[in-house]
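Participant: Fold the following and give me the result.
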Amino acid sequence: MSEKSILRNSATDPNKILPMKYKWARQHYKDGVSNNWTPEEVNMQQDVEQWKAKDFLTEDERRVVMWNMGFFSTAESLTANNIVLVIYKHVTNPECRQYLLRQAYEEAVHTDTFIYCCDTLGLDPEEIYTMYETIPSIHEKDEFVINMTKSIMDPNFEIKTDADVQEFVHDLVGYYIIMEGIFFYAGFVMMLSFLRQQKMVGVGEQFQFILRDESVHLAFGADLINEIVKENPTIWTDEFKNDITDKIKKAVELEIAYARDALPRGILGLNVEAIEQYVRYIADRRLERIGLVKVYGDENPFPWMSEIIDLKKEKNFFETRVTEYQTGANLDWE
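Facilitator: Numbering: from 1, shown residues only. Prediction:
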């Protein structure tokens, strides 16, 4: 029987999932299933009342909501397209493909979340879905990931040599570590800060569920990268590691610039300096997760974020509704 491998194994039958070699991929799939949700489960009546009230939300608070809706609505589609069009094509291992299909479904749910929010709140979809073009700090984040992953988007790209494997890992870092692991997290803090104050609770609860999904996406992506490096150790050169570290440092700069734009004056319970510290803290965790040396050494300024992911079966952290979480306690999301 041929030994399974993630890449470059023509003997691997992608239709034959048993026996499994990469049991971590199967576990991530099961964790995703346990977190299953849909946006229509979330009651948005209070959000509609708060959004329509003239004096409930400040202009700065409205700006935060709109900007995060605008960024996430396009970022989720960008991620989904690359799972379906690129990553699934080259990762032929069946248990990994099973998880990728699960992730693609979750990205579709996230996309549906922003449709649901726009429809319910009466937002202008043209404004929301063109923010990646009209707001420079959102555009720069999206363009950074697009440019970082141009190689594997080439329809003629194939994985034949170590250089090809290295390029593929480089691009996986772009999607999993940078897009999902760094570029989402200033937005998560902003929207979950609203939820703590009982403002825009329905939108915030949906961001909470998206965060839980993204924690598994990130864990799978890091495990995928680490396994490819383990099976292809010659690609993990000092030059390559330095390049990835530099890209992550650039991503931190872009995420901080976005936070400053979205939150120019601060809002109740949240200021941009704390978000900057959190982004640096998160970046160090991402570096260490794929075997690289941390850069910043910042502490976590938002310890309450961890409590969101640690729930099992009880009323959720912000006391909005009863929800059953089966596997949250074993996720390594930060």
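
Participant: okay, and for the stretch 1-150 of the chain, where does confidence drop off?
Facilitator: Counting by pLDDT under 70, the ranges of the stretch 1-150 of the chain that qualify are 1-3, 8-12.

Participant: And the helices in it?
Facilitator: Using DSSP state H, counting those that start in this stretch, the helices of the stretch 1-150 of the chain run over 23-34, 45-52, 59-82, 88-90, 94-121, 125-129, 131-134, 136-148, 150-153.

Participant: Which helix runs longest in this protein?
Facilitator: helix 201-231 (DSSP state H).

Participant: by contact count, what packs against that one?
Facilitator: Counting contacts by 3 or more C-beta pairs under 8 Å, 6 or more residues apart in numbering; DSSP states H and E, helix 201-231 is packed against helix 23-34, helix 45-52, helix 59-82, helix 94-121, helix 162-172, helix 185-196, helix 272-289, helix 304-309. Every residue, glycine included, has its C-beta placed from N, CA and C.

Participant: quick one: which of those helices is nearest Arg265?
Facilitator: helix 59-82 (5.7 Å; C-beta to C-beta).

Participant: how big is the angle separating the closest one from helix 185-196?
Facilitator: Between helix 59-82 and helix 185-196, the angle comes out at 130 degrees (axes from the mean of the first three to the mean of the last three C-alpha atoms, to 10 degrees).

Participant: Show me what helix 59-82 is packed up against.
Facilitator: Here helix 59-82 touches helix 94-121, helix 125-129, helix 131-134, helix 136-148, helix 185-196, helix 201-231, helix 238-262, going by 3+ C-beta pairs under 8 Å, 6+ apart.

Participant: re earlier: now the longest helix of the chain, how far from the chain's geometric center?
Facilitator: On the basis of C-alpha atoms, centre = their mean, to the nearest Å, helix 201-231 sits 6 Å off its chain's mean C-alpha point.

Participant: Buried residues of that helix, list them for me.
Facilitator: Neighbour-count burial for helix 201-231, counted by 16 or more other C-beta atoms under 10 Å, picks out 201-225, 227-229.

Participant: Rebuild the helices and strands packed on helix 59-82 as CSV, extending it with distance to Val165.
Facilitator: Formatted as CSV, those follow (distance: least, C-beta to C-beta, whole Å):
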stretch, distance to Val165
helix 94-121, 15
helix 125-129, 35
helix 131-134, 31
helix 136-148, 16
helix 185-196, 28
helix 201-231, 7
helix 238-262, 11
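
Participant: Quick one, which of the ones you listed gets closest to Phe157.
Facilitator: Nearest of the helices and strands packed on helix 59-82 to Phe157, taken as C-beta to C-beta: helix 136-148 at 14.2 Å.

Participant: Pull the closest one out as CSV, backbone CA atoms only.
Facilitator: The C-alpha coordinates for helix 136-148 follow below in CSV (Å, rounded to 0.1, in the frame of the first residue of the first chain):
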residue,chain,number,x,y,z
PRO,A,136,-8.0,52.4,1.0
SER,A,137,-7.1,50.5,4.2
ILE,A,138,-9.6,47.7,3.2
HIS,A,139,-8.4,47.7,-0.4
GLU,A,140,-4.7,47.4,0.8
LYS,A,141,-5.5,44.4,2.9
ASP,A,142,-7.3,42.6,0.1
GLU,A,143,-4.6,43.5,-2.4
PHE,A,144,-1.9,42.3,-0.1
VAL,A,145,-3.4,38.8,0.0
ILE,A,146,-4.2,38.7,-3.7
ASN,A,147,-0.6,39.7,-4.6
MET,A,148,0.8,37.2,-2.2
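
Participant: picking that back up, out of the helices and strands packed on helix 201-231, deepest packed?
Facilitator: helix 185-196 (a mean of 23; mean count of other C-beta atoms under 10 Å).

Participant: how about TSV for the helices of the stretch 1-150 of the chain, with distance to Arg285 added?
Facilitator: Shown next, in TSV, are these (distance: least, C-beta to C-beta, whole Å):
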stretch	distance to Arg285
helix 23-34	18
helix 45-52	31
helix 59-82	20
helix 88-90	27
helix 94-121	20
helix 125-129	30
helix 131-134	26
helix 136-148	19
helix 150-153	25
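
Participant: And those helices: which comes nearest Ala283?
Facilitator: Of all the helices of the stretch 1-150 of the chain, helix 136-148 sits nearest to Ala283, with 14.0 Å by C-beta to C-beta.

Participant: could you say what helices and strands that closest one packs with?
Facilitator: When contacts are defined as 3+ C-beta pairs under 8 Å, 6+ apart, helix 136-148 packs onto helix 59-82, helix 131-134, helix 238-262.
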